[in-house]
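Enquirer: I'll drop the sequence and a predicted model, then ask my questions.
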Amino acid sequence: MRETESNGRVLVGLDRLVFSYEDNAPVLDGASLSVSEGERIGLTGSIGSGKTTLLHIIVGLIKPQAGTVRAFGAERKKEHDFWEVRERVGLLFQDPEDQLFCPTVREDVAFGPLNQGRTREETSEIVSETLISLGLGGYADRITHHLSGGEKSLVSIASVLAMKPDLLLLDEPTTGLDPDSFDRVRSILLSLSQAMIIVSHDERFIRQMTTRQVRIEGGRLTDL
Amino acid sequence: MRETESNGRVLVGLDRLVFSYEDNAPVLDGASLSVSEGERIGLTGSIGSGKTTLLHIIVGLIKPQAGTVRAFGAERKKEHDFWEVRERVGLLFQDPEDQLFCPTVREDVAFGPLNQGRTREETSEIVSETLISLGLGGYADRITHHLSGGEKSLVSIASVLAMKPDLLLLDEPTTGLDPDSFDRVRSILLSLSQAMIIVSHDERFIRQMTTRQVRIEGGRLTDL
Amino acid sequence: MHITEGVAPVHLALAGAAIAAGGVAAGLRVMKDEQIPRAALMSSVIFISSLVIRLPFGPSSVHPILNGLTGIILGWVSMPVFLVSLFLQALLFQFGGVTTLGINTVTMGLPAVVCFYLFNGPLRRSRSWRRSFLTGAAAGTVASLLSFVLWSIALMLCGKQLMVIAALALGPHIAITIIEGLFTGFVVAFLSRVYPAVFSTPSLMKRGRAD
Amino acid sequence: MSCTTFYAGETVIHRLDPRPRIIMTAAFALLMALTDHSGVLACGIAAGLILALIARLPAGPLLKRMIRLNIFMALLFLFIPATFGGRPDFTIFSIPFSHEGIVWSAVITMKANAIVLVFAALLGTVELFSLGHAFHHLKVPTKLIHLFLFTLRYLDLFHHEYLTLLRAMRARGFRPRLKIHTYRTLGYLAAMLLVRSLERSERVMAAMKCRGFRGRFYPIRHFHYHRSDAVFSLVSILLIAVFLSVIYADIWRLW
């Protein structure tokens, strides 16, 4: 995986983004980034530096006050411009509790594909496939909120992968995991072929997992 | 600070503690530790090794299944035995979000002293003193929930120090802090004269801050 | 503040259910699909709080009712929220019951809706801690008293002889109302300081969140 | 949480389709509310006990429920006969205890116990989320069901957050006492939980949007109506019909 070169098609391009929460100082202040097919980008920075904000801007959950977002060959501005983006970009939230909102694992993993307009049969196939590929074969009918922290992380990865995204945005995918789950998440992420941006403050983990490291500081991004 | 010798009065003595969560394997299995006046103990160990559990047992938030807890010259067993302990031992939780629940910084810092039975006037004096001594002079009327992560950490330290504890238990006081807040927390902790136990997985930080290092492994404590 | 299982004769159970159904339908109509998570997560907290928080009251303690609070924030949506919460209480703890589910939804939910009309506006305009506290306390008190009145009426309709029970409950309930008022006052004062947007119903989705 | 629900179990009743169980529970409860016939009520209690036995409801939690219910019933017996009026059965401290009052209280008590037993045995044994799905198939409004499912989903989480905050408060010397300080503190605690729930609901909504949510839910759980379900439905309907004919025959005779 590590040797993948970043010479593919550009998937997402962020240009001079500016964003501030209410009246505070801007979190992003001229942030630019481009992500190409097959790239694995590590994004580091301290708490509150705007890492999560950046990911949320890519999928349109937050609209920047200035700057442009291009994704999959088009500029994206309005809410409905981002509908397509969200079907092709999988965002993994920091806290799996936010991501797993359905009663059972099966429903959670099926939620994305059903929204993408797949039929019940297709969806049920995708669900079993995805769960099996992550070693979660027997989990389909488990009740989400009874899972352990590590299991919740794995299932939330499954629920994102079930949408077969072209780009993955992973927000601190390993915080709070016990050593076993950490290893499992790491090897799952290494086995994926999609482009991805991984946010983490664990710099060693980032160096292991990614082909390119970017640091966010003072609202701007700099390659490391 | 570093040169303080551990020859003071014994504050807390833990003897052969055993504790397990529900039916799992014991987290603590014969753990013993003694903390004397002026000592600064660093406690390290991997995730799930029982570091936090140990701190919670000292203040009676968790009751061990076997073993004894002595604090301030008496054995502590029942809930009301620990009332005095909690007034003299300040526990800083890992996540400041778990610790701060009042609308303003002032009320949060005043919460401990009011529980100790101090009058309104005494409390308000303690609050301003504590805030000023931590460089948070202008923060009294800020809304706690709107502070940044680093500021929340500082306020939660203030709210513990306002109780003027004899012993501080600090659970990962620096995780996730940006470099500035990290430096501030470090210099505050170095300036305090109380005995303390610092839990951290950052071994360099522990060596800098403490006079004695203890490692927890397999449910037992060993001096490093 | 529940009518216990079995006490309501069939016509009253059905009448209660019909009124509750009307209120719940109104609440569901107001609630847009994208507001469901918000209403549900608050309903989750309200359910938990009313079960686990114990407010000292003499030598014992009482649980908060929280319908004044729910009303100020959720308006008509309080009706479905209380239906869900009362159904769960019956199922999990045998508080209230199936035949009295409708009646209990009405005695809890209607006062909440009334509080929305009485106090939501003043609260939005409130700029001071004191005023927010007083408005909240008023809402808690009014909702608690109204619930008591509706409960007594329902009890009396179940059987005139049950008036004794209502009369006996009056004393303790006045004390409960005072505590409920104080408690709601503090909750509302906190919210109007820290998260005033909670009182302006539809606009909660726009606030972003930093990492 | 100290929930006393009974869905952990593997009996015939646990395996039944939840839909007929919901319908039969409702029908049974209405029937019990309808009648004052002591024979029918006694049979109702017997039916409840038999169902509870078949479902192997754990005795401890079930007893706890029954006691909770019957505390109110004890109150009825204490106060109603003394104030009901009518022919006194006996007097204590020169207070007449009326016959009608005792009968009335006994009828209410029987109704309540019958309904609670059946409710616990038939509905208490359905896993809560399946109950939500079953309601969907019974045409309960979708919004109400999702309100129910989301509420359930986050109960444990907020209970945990409550315990965490309470623990932090205890660590700083908080003990509930009869003081304004206590009410204020607990009020802040509830308010803080609400703020957290609001912020979490925003994140949940964001996560839903990211997975393509545009305001439509797709429930996917389905139930299969087996022969055992048909047998259960048939037996229940017959039983209810017998009860009804007894009740109406009785009313007829009184007429």
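Expert: Everything's here; your move.
Enquirer: can you pull out the low-pLDDT segments for the chain?
Expert: You didn't say which chain, so I picked chain A. A:1-7 (pLDDT under 70).
Enquirer: the chain in question should be chain D.
Expert: D:1-5, D:219-221, D:251-255.
Enquirer: quick one: neighbours of the residue in it positioned nearest to chain A, just the number.
Expert: With Cβ to the nearest Cβ as the measure, D:Gly212 is the residue of chain D nearest to chain A, at 3.2 Å. From N, CA and C alone the C-beta is placed, and that goes for glycine too. Other residues near D:Gly212 number 19, with proximity taken as other Cβ atoms under 10 Å in any protein chain shown.
Enquirer: wait, it sits on A:Val89?
Expert: No - taking Cβ atoms under 8 Å as the definition, D:Gly212 is not a contact partner of A:Val89, at 11.0 Å.
Enquirer: which SSE is the most centrally placed residue in chain A in?
Expert: In chain A, the residue lying closest to the centroid (Cα atoms, centre = their mean) is A:Leu169, at 2.0 Å. Using DSSP states H and E, A:Leu169 sits within strand A:167-171.
Enquirer: hmm, D:Phe84 is touching D:Glu100, no?
Expert: Yes - between D:Phe84 and D:Glu100 a contact is recorded at 5.6 Å, counting by Cβ under 8 Å.
Enquirer: and these two? which has more neighbours close in?
Expert: For D:Phe84 versus D:Glu100, neighbours defined as other Cβ under 10 Å are more numerous around D:Phe84 (23 against 16).
Enquirer: would you mind measuring from that one to D:Ser38?
Expert: Distance, D:Phe84 to D:Ser38, using Cβ to Cβ, to the nearest Å: 17 Å.
Enquirer: by contact count, what packs against the longest helix along chain C?
Expert: The residue-count maximum for a helix in chain C (DSSP state H) belongs to helix C:163-194. With contacts taken as 3 or more Cβ pairs under 8 Å, 6 or more residues apart in numbering or on different chains; DSSP states H and E, helix C:163-194 sits against strand C:55-57, helix C:67-74, helix C:129-158, helix D:59-83, helix D:180-210.
Enquirer: work out the gap between that helix and the centre of the chain.
Expert: Centroid separation for helix C:163-194 versus its chain: 11 Å, with Cα atoms, centre = their mean, to the nearest Å.
Enquirer: give me the mean pLDDT for that helix.
Expert: Mean pLDDT, helix C:163-194: 94.
Enquirer: got phi/psi on the nearest residue to D:Asp36 once chain neighbours are set aside?
Expert: Distances taken as Cβ to Cβ, 6 or more residues apart in numbering or on different chains put D:Val107 closest to D:Asp36, at 5.2 Å, once the chain neighbours are dropped. Torsion angles at D:Val107 (phi, psi; degrees, to the nearest 10) stand at phi -60, psi -50.
Enquirer: if I pick the residue lying closest to C:Gly68 once chain neighbours are set aside, what's in contact with it?
Expert: Spatial nearest neighbour of C:Gly68, excluding adjacent residues (Cβ to Cβ, 6+ apart): C:Ala143 at 3.3 Å. By Cβ atoms under 8 Å, 6 or more residues apart in numbering or on different chains, the contact list for C:Ala143 reads C:65, C:67-68, C:71, C:111-112, C:114-115, C:180, C:184.
Enquirer: out of the residues you listed, the closest to chain D would be?
Expert: C:Thr184 (7.6 Å).
Enquirer: could you give the number of residues near that closest one?
Expert: Residues near C:Thr184, counting by other Cβ under 10 Å: 34.
Enquirer: touching, D:Phe243 and D:Ala42? I think so.
Expert: No - the criterion here is Cβ under 8 Å, and D:Phe243 misses it with D:Ala42 at 11.1 Å.
Enquirer: which residue of these two possesses the greater neighbour count?
Expert: Between D:Phe243 and D:Ala42, counted using other Cβ under 10 Å, the more crowded position is D:Phe243 (23 against 12).
Enquirer: tell me which element the more buried one is part of?
Expert: helix D:227-254.
Enquirer: and the residue most central in space within chain C, what does it touch?
Expert: Taking Cα atoms, centre = their mean, the centroid of chain C lies closest to C:Asn67, which sits 1.7 Å from it. The contact partners of C:Asn67, by Cβ under 8 Å, 6+ apart, come to C:78, C:82, C:108-109, C:111-112, C:115, C:143-144, C:147.
Enquirer: may I see the buried residues of the helix or strand of chain C with the lowest mean pLDDT?
Expert: In chain C, no helix or strand scores lower on mean pLDDT, DSSP states H and E than strand C:60-62, which sits at a mean of 87. Residues C:Val62 are the ones in strand C:60-62 that count as buried (16 or more other Cβ atoms under 10 Å in any protein chain shown).
Enquirer: can you check stretch D:231-240 too?
Expert: So, applying 16+ other Cβ under 10 Å, buried residues of stretch D:231-240: D:232-233, D:236, D:239-240.
Enquirer: repeat for stretch A:115-124
Expert: Neighbour count says stretch A:115-124 has A:115-116, A:118, A:123-124 buried, by 16+ other Cβ under 10 Å.
Enquirer: give me the element the residue of chain A found nearest chain B is part of.
Expert: Residue nearest to chain B within chain A: A:Ser46 (3.4 Å; Cβ to the nearest Cβ). Using DSSP H and E, A:Ser46 sits in no helix or strand.
Enquirer: identify the residue nearest it in space, chain neighbours excluded?
Expert: According to Cβ to Cβ, 6+ apart, the nearest residue to A:Ser46 is B:Asp178 (3.4 Å).
Enquirer: again with A:Asn115
Expert: D:Gly212 (3.2 Å).
Enquirer: which SS state does that neighbour fall under?
Expert: coil (DSSP: H, G, I helix; E, B strand; the rest coil).
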